[in-house]
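Asks: I would like to see how this sequence folds:
(2 chains)
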Amino acid sequence: MKFPEIKVHLAKFRVGIAGAGGLGSNCAVALARSGIGTLVISDFDLIEEANLNRQFYFADQIGMKKTLALSENIKRTGSSTRIIANQIELNPENVPRIFSGCDVIVEAFDRADMKEMIIETVLTKMPGIPLVIGSGMAGWGKNEFVKCRKIDDQLFVCGDETTEASEDLPPMAPRVGIVANMQANTVIDILMNKL
Amino acid sequence: MKILLNDREEYLDKESLTISQLLILKKLSFKMRIIKINGTLIQKDSYDNIYLKDGDRVQIIYLMSGG
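Replies: Here you go, the predicted structure:
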């Protein structure tokens, strides 16, 4: 299939991105470049200097809302993806409402308890909507341990499922980018199977 | 009984055991996790009340911070 045909197909879909940090910003850019129709991006945070080691933002955007800066940066790629930005902290009550109508949801939080929250919420309140999570991407190297595990038709896990971010094992651009792009790749695979 | 734990066959020398007992038996102490049995998400507060059956497919997904 030629890329223009792939774009026409992907333009029919709406993808939710829960979090606009290292995973969410990079995943959203990859999906926008691929031609996804609409991205629903949710995050409550502002850009800090410490984010620039891995997140898709620029030094002159420090202090800006991540959702706003990400919308701008996606537009600058020339992508025609429509962005719906929500400046809000997600919780079990608002997740089904904010991501209603999404064909796939990407979990892109940094905190493990938030990852747990969205998995429990989507699996119980949004049956049938695939969720692609990221788990285990801190540090560097260990390429061979990064993988995507399909749990079933609704749940996909990208990452090494073992490395936890800490002061001595920080999340860094290469490995976070690998997992973010692996999540985007999984989303496209799910949507291309809807041909 | 025999179960499938994260796609690996495990023989358990028990007639019956709960999810909590399985986690202790297999020394799976990392708490930030999701457990599915035969595709169904199991709520954390029922780990003590749900008994595993022969042939059950148990999937444990560990949630690591970072992103």
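Asks: Every contact and neighbour count from this point should use C-alpha atoms.
Replies: Noted.
Asks: At the geometric centre of chain A, which residue do we find?
Replies: Most central residue of chain A, judged by C-alpha distance to the mean C-alpha position with Cα atoms, centre = their mean, is A:Gly24 at 3.5 Å.
Asks: which secondary structure element contains that residue?
Replies: Per DSSP states H and E, A:Gly24 falls inside helix A:22-34.
Asks: Buried residues in that helix, which are they?
Replies: The neighbour-count criterion (16 or more other Cα atoms under 10 Å in any protein chain shown) identifies A:22-34 as the buried residues of helix A:22-34.
Asks: Farthest pair within those?
Replies: Considering Cα to Cα, no two members of those lie farther apart than A:Gly22 and A:Ser34, which are separated by 18.7 Å.
Asks: Run through the strands of chain A in chain order.
Replies: Using DSSP state E, the strands of chain A run over A:14-18, A:38-43, A:82-87, A:104-107, A:131-134, A:147-150, A:155-159.
Asks: same check, this time on chain B
Replies: Going by DSSP E, chain B shows strands at B:2-5, B:8-11, B:33-37, B:40-41, B:57-62.
Asks: wait, which of the ones you listed is closest to chain A?
Replies: With Cα to the nearest Cα, the closest approach to chain A among the strands of chain B belongs to strand B:57-62: 6.0 Å.
Asks: Is the closest one in proximity to chain A?
Replies: Yes. Legend: contact between strand B:57-62 and chain A by Cα under 8 Å from any Cα of the partner chain is shown at B:59, B:61-62.
Asks: What are the neighbouring residues in contact with residue 45?
Replies: As the question left the chain open, I've gone with chain A. A:Asp45 makes contact with A:65-66, A:87, according to Cα atoms under 8 Å, 6 or more residues apart in numbering or on different chains.
Asks: Kindly report the same for A:Asn51.
Replies: With Cα under 8 Å, 6+ apart, A:Asn51 has these contacts: A:21-22, A:57.
Asks: from these, which is closest to B:Lys14?
Replies: Taking Cα to Cα as the measure, B:Lys14 lies nearest A:Gly22 of the contacts of A:Asn51, at 44.5 Å.
Asks: pretty sure that closest one is touching B:Gly67, no?
Replies: Yes. Taking Cα atoms under 8 Å as the contact criterion, A:Gly22 and B:Gly67 are neighbours in contact, 5.2 Å apart.
Asks: what do the two both touch?
Replies: Counting by Cα under 8 Å, 6+ apart, the shared contacts of A:Gly22 and B:Gly67 are A:108, A:176.
Asks: In CSV: the strands of chain A, plus distance to B:Ser16 and mean neighbour count.
Replies: Listed next are the strands of chain A as CSV, based on distance: least, Cα to Cα, whole Å; neighbours: other Cα atoms under 10 Å in any protein chain shown:
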stretch, distance to B:Ser16, mean neighbour count
strand A:14-18, 39, 25
strand A:38-43, 44, 24
strand A:82-87, 47, 18
strand A:104-107, 35, 25
strand A:131-134, 32, 27
strand A:147-150, 28, 16
strand A:155-159, 28, 23
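Asks: Distance to chain B and mean pLDDT added to those strands, as TSV?
Replies: Compiled in TSV, the strands of chain A are given as follows (distance: least, Cα to the nearest Cα, whole Å; pLDDT from 0 to 100):
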stretch	distance to chain B	mean pLDDT
strand A:14-18	11	98
strand A:38-43	13	98
strand A:82-87	18	98
strand A:104-107	10	98
strand A:131-134	7	98
strand A:147-150	10	96
strand A:155-159	8	98
